[in-house]
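Asks: just the structure for this:
(one chain, ligands or ions: 1)
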Amino acid sequence: MMNENFDSLIDKELADLEEKALKRQLCLVEGFQGEKIIVDGRQVLNFCSNNYLGLAGDSRICQAAVEAIGEEGFGAGASRLVCGHMASHRRLEKRLAEVKGAEDCLTFSSGYMANIGIITGLFGHHDVIFCDRLNHASIIDGIILSRAKMRRYPHRDMQVLEGMLRNTAGFKKRVIITDSVFSMDGDLAPLDRIVDLAERYDCAVMIDEAHALGVLGKHGGGAAQHFGVEDKIDIQMGTLSKAAGSFGAYCCGKKKLILYLVNKARSFIYTTGMPPSTAAASLRAIEIISEDHSLREQLWRNTRYIREGLKALGFNTMDSTTPIIPILFGDSQLTLQFSRRLFEEGILISAIRPPTVPRGSARLRLTVTAKHTKGDMDHLLEVFKRVGKDLSPEILVE
Ligand SMILES: *Cc1c(COP(=O)(O)O)cnc(C)c1O
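Replies: Predicted coordinates:
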């Protein structure tokens, strides 16, 4: 007999979420990952993946994984420090360090684990962390677990950040941590100003390039490359799970930082190495990203087309300047309704609600990819026009 008290409390919490239009549910994707996918048995246009360049289903990436399985087997067999540090892992790390203009690199099994491991490994209760209010949940969780003092500044507000930097003497390590592209708003951290402040107030900088790798920078190296500040950022973290179409994450920096993390990052030490084939797939993706600029150029053409189109229809796309385009509704119920109507029309865009975004800022989060065709995009805009007039004429800006 299972515990009844426990069961009824779970029921109550779920009912509560349902009532607030905050309950989430998994939907099943069958077949290939791409710009058209089959969800719950029906083919839809996918406008919500982070697969910006379409590499998740690219035959070259799949081939690289298959070849690595032939050479190295599937599982890593152990944690990296024991005997699971394999040739594909090291090749990937060397290439990432080159692309990032860093001395060295360490890969982790996921972005979530990287942030937890890097932040808890480096910072503790004698230290202070300055954190943008909209940083990704994995950064926040890392800071909470680290027990360092967290000072959150309003989103991209450099004036408040400077005030905080001025008034925090007495801590040992000091670091500013920020997403470089914000995952729910699609805007950019002002990295040029952040590195200036860091220099002036004697503070380290860590960035999370999850949505910037492959998307920004002359060679797709990310936002630090875009701003030309790679050599001023102490800790360059990013993921291989978004534009690279693979899985895993990295931290680039000085040799001694990497050696330190090998010794101190618990989410690196106490977990099995990622399958070497995953590392090999990531390496192939990094090569494609840094050598072939055509996918990235197509991504930006598509991004401009959709953002301008939505704005012309009167939708509020916030301050987005990247392929992440939020469409702000505010109300969770309305956002959910809009998302359901889109699905009926064959378009998949998920409703993003609290606690992923601040209360009262529920939105659709549309993401553009290089693989969407003009026909796909025109269909999207036509449906938005129709459903917008129908469901939410009051939110449209004239
Ligand atoms: C997606 C994301 C992560 C987590 O990366 P995973 O590899 O999916 O675990 C971390 N930081 C940011 C900013 C992200 O968008």
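Asks: and the ligand, is stretch 340-350 touching that?
Replies: No. Stretch 340-350 does not reach the ligand (C-beta under 6 Å from any ligand atom); its nearest approach is 14.0 Å. Bear in mind the C-beta positions are built from the backbone N, C-alpha and C, glycine included.
Asks: what residue lies at the spatial centre of this structure?
Replies: By C-alpha atoms, centre = their mean, the chain has its centre lying nearest to Ala210, at 4.0 Å.
Asks: can you map out the strands along this protein?
Replies: 29-30, 36-39, 42-46, 104-108, 128-132, 149-153, 174-179, 204-208, 235-239, 249-253, 324-330, 347-348, 351-352, 362-367 (DSSP state E).
Asks: just the buried positions in stretch 92-106, please.
Replies: Neighbour-count burial for stretch 92-106 flags 92-93, 95-97, 99-100, 102, 104-106 (criterion: 16 or more other C-beta atoms under 10 Å).
Asks: spell out which parts of the stretch 1-150 of the chain neighbour the ligand.
Replies: So far as C-beta under 6 Å from any ligand atom goes, the stretch 1-150 of the chain lies against the ligand at 110-112, 115, 136, 138.
Asks: next step: those restricted to helices.
Replies: Taking DSSP state H, the ones among these that sit in helices are 111-112, 115, 138.
Asks: excluding chain neighbours, what is closest to the residue nearest to the centre of the chain?
Replies: Nearest residue to Ala210 in three dimensions, chain neighbours excluded: Thr239, at 4.4 Å (C-beta to C-beta, 6 or more residues apart in numbering).
Asks: ok, Ala265 next?
Replies: Nearest residue to Ala265 in three dimensions, chain neighbours excluded: Gly117, at 3.4 Å (C-beta to C-beta, 6+ apart).
Asks: same check on Gln337?
Replies: Leu391 (6.1 Å).
Asks: who's in contact with the one you found?
Replies: For Leu391, the contact set (C-beta atoms under 8 Å, 6 or more residues apart in numbering) comprises 334, 337-338, 341.
Asks: what bridges to the closest residue to the ligand within the stretch 251-398 of the chain?
Replies: Nearest residue of the stretch 251-398 of the chain to the ligand: Ile324, at 9.2 Å (C-beta to the nearest ligand atom). On the basis of DSSP bridges, Ile324 is bridged to Thr367.
Asks: restricted to helices, list the buried residues of stretch 92-106.
Replies: Using DSSP H, 92-93, 95-97, 99-100 are the members of the buried residues of stretch 92-106 that sit in helices.
Asks: surely Glu35 is in contact with Asp376?
Replies: Yes. Judged on C-beta atoms under 8 Å, Glu35 makes contact with Asp376 at a distance of 6.8 Å.
Asks: what do those two both touch?
Replies: Common contact partners of Glu35 and Asp376 (C-beta under 8 Å, 6+ apart): Leu45.
Asks: what are the phi and psi values at Asp127?
Replies: Dihedral angles of Asp127 (phi, psi; degrees, to the nearest 10) stand at phi -110, psi 160.
Asks: ok, it to Gly309 distance?
Replies: 46 Å (C-beta to C-beta, to the nearest Å).
Asks: cool, Arg60 as well?
Replies: 31 Å.
Asks: settle it for me: which of these two has more neighbours?
Replies: Gly309 (17 against 12; other C-beta atoms under 10 Å).
Asks: need the pLDDT of Ala21.
Replies: Looking at Ala21, its pLDDT is 82.
Asks: for it, which residues are in contact?
Replies: Taking C-beta under 8 Å, 6+ apart, we find Ala21 in contact with 332-333, 336, 353.
Asks: where helices are concerned, which of these count?
Replies: Counting by DSSP H, the part of the contacts of Ala21 found in helices is 332-333, 336.
Asks: what parts of the stretch 151-300 of the chain come near the ligand?
Replies: Applying C-beta under 6 Å from any ligand atom, we find that the stretch 151-300 of the chain lies next to the ligand at 179, 183, 208, 210-211, 239, 241, 249.
Asks: show me where pLDDT drops low in this structure?
Replies: 397-398 (pLDDT under 70).
Asks: from the stretch 1-150 of the chain, which residue is nearest to the ligand?
Replies: In the stretch 1-150 of the chain, no residue comes nearer to the ligand than Gly111, which is 2.1 Å away by C-beta to the nearest ligand atom.
Asks: how many neighbours does that residue have?
Replies: The burial count for Gly111: 24, using other C-beta under 10 Å.
Asks: check contacts around the nearest residue to Asp132 once chain neighbours are set aside.
Replies: Nearest residue to Asp132, sequence neighbours excluded (C-beta to C-beta, 6+ apart): Thr178, at 4.7 Å. Neighbour list for Thr178: 131-132, 135, 189, 191, 194, 205-208 [criterion: C-beta under 8 Å, 6+ apart].
Asks: Lys173: which of these is nearest?
Replies: Of all the contacts of Thr178, Met206 has the smallest distance to Lys173: 10.9 Å, by C-beta to C-beta.
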